[in-house]
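> predicted coordinates and the sequence they were generated for:
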Amino acid sequence: GENVEQHPSTLSVQEGDSAVIKCTYSDSASNYFPWYKQELGKRPQLIIDIRSNVGEKKDQRIAVTLNKTAKHFSLHITETQPEDSAVYFCAASPYGGSQGNLIFGKGTKLSVKP
Amino acid sequence: GAVVSQHPSRVICKSGTSVKIECRSLDFQATTMFWYRQFPKQSLMLMATSNEGSKATYEQGVEKDKFLINHASLTLSTLTVTSAHPEDSSFYICSGVAGGPHEQFFGPGTRLTVL
């Protein structure tokens, strides 16, 4: 089945710097890759997603890139702010998304220091 | 985005009792709902996929007789943890799929503590 690896597990940056989180997946049939932000004790919130027919997507300070050949995708946050501090999860939808279920990476705890 | 609610938000129970958790899609019809379990400082682990009107599909290692899932309507799925034990203490989160086959909307989660 699908396996999603996420790195790093923790990331500390200074306010204003950029943060990059990387994920790899194993199932070449996966075609949907969302990123979720989860604050302590709360539900995951979708922050950006990308589908396999697109190589890059940007939404203000957040961008995601996808390399289908290498089977990896990355989250880029620019001009980080303290409120960006949270745990970020990448995910992949296997079976070409036909079943809708997501396989999550283990998460990255991002700390943005003011 | 679409709204998913869960009830209760927190529950404390004695070992050996059963606990029911409800997951509702408030403003959309969810033909598919997913149940996840999240231990402290860990990722979300998919437990089962619940389709309205049919039996749930459980992930490997998840006991279907212990975690009973019912998806009786397009807006309600329930997870019952039977004969709960302390090791079942966790954060249980549901999600529903609206519209396309991918985008999932998560409930706020239920914190289960088994004494």
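On my side now, so go ahead.

> for chain A, what are the nearby residues on chain B?
B:1, B:32, B:34, B:42-46, B:49, B:91, B:93, B:97, B:101-109, B:111 (Cβ under 8 Å from any Cβ of the partner chain). Where C-beta positions appear, they are placed from N, C-alpha and C, glycine not excepted.

> what's whichever helix or strand residue B:93 is part of in contact with?
Using DSSP states H and E, residue B:93 falls within strand B:90-97. Contact with strand B:90-97 is made by A:41, A:43-44, A:100, B:2, B:4, B:6, B:21, B:23, B:25, B:28, B:30-40, B:44, B:77, B:79, B:81, B:103-112, as judged by Cβ atoms under 8 Å, 6 or more residues apart in numbering or on different chains.

> quick one: distance of that strand to the chain centre.
5 Å (Cα atoms, centre = their mean, to the nearest Å).

> equivalent analysis for stretch B:4-12, please.
Counting by Cα atoms, centre = their mean, stretch B:4-12 comes out at 10 Å from the chain centroid.

> quick one: contacts of that stretch?
B:19, B:21-26, B:30, B:93-96, B:105-115.

> among the residues you listed, which ones are in strands?
B:19, B:21-25, B:93-96, B:105-106, B:110-114 (DSSP state E).

> write a ChimeraX command that selects only the buried members of these.
To isolate in ChimeraX the members of the ones in strands among the contacts of stretch B:4-12 that are buried, counting by 16 or more other Cβ atoms under 10 Å in any protein chain shown, one can use:
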select /B:19,21,22,23,24,25,93,94,95,96,105,106,110,112,114
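
> coming back round to it: turn the buried ones among the residues of chain B next to chain A into a named PyMOL selection, would you?
Listed next is the PyMOL selection for buried residues among those, using 16+ other Cβ under 10 Å:
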select buried, chain B and resi 32+34+43+44+45+46+49+91+93+97+101+102+103+104+105+106+107+109
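
> host element of the residue most central in space within chain B?
Centroid check for chain B by Cα atoms, centre = their mean gives residue B:35 as the closest residue, at 3.7 Å. In this assignment (DSSP H and E), residue B:35 forms part of strand B:32-38.

> what helices or strands is that strand leaning on?
strand B:19-25, strand B:45-51, strand B:67-73, strand B:76-81, strand B:90-97 (3 or more Cβ pairs under 8 Å, 6 or more residues apart in numbering or on different chains; DSSP states H and E).

> out of these, which gets nearest to residue A:72?
strand B:45-51 (21.4 Å; Cβ to Cβ).

> so what strands line up beside the closest one?
Applying DSSP bridges, strand B:45-51 is found paired with strand B:32-38 (antiparallel), strand B:57-58 (antiparallel).

> can you check what angle separates it from strand B:90-97?
40 degrees (axes from the mean of the first three to the mean of the last three Cα atoms, to 10 degrees).

> now the nearest residue to residue A:67 once chain neighbours are set aside: which helix or strand?
Nearest residue to residue A:67 in three dimensions, chain neighbours excluded: residue A:73, at 7.0 Å (Cβ to Cβ, 6 or more residues apart in numbering or on different chains). Assigned by DSSP H and E, residue A:73 falls within strand A:72-77.

> by contact count, what packs against that strand?
Checking 3+ Cβ pairs under 8 Å, 6+ apart, strand A:72-77 ends up next to strand A:19-25, strand A:62-67, strand A:86-92.
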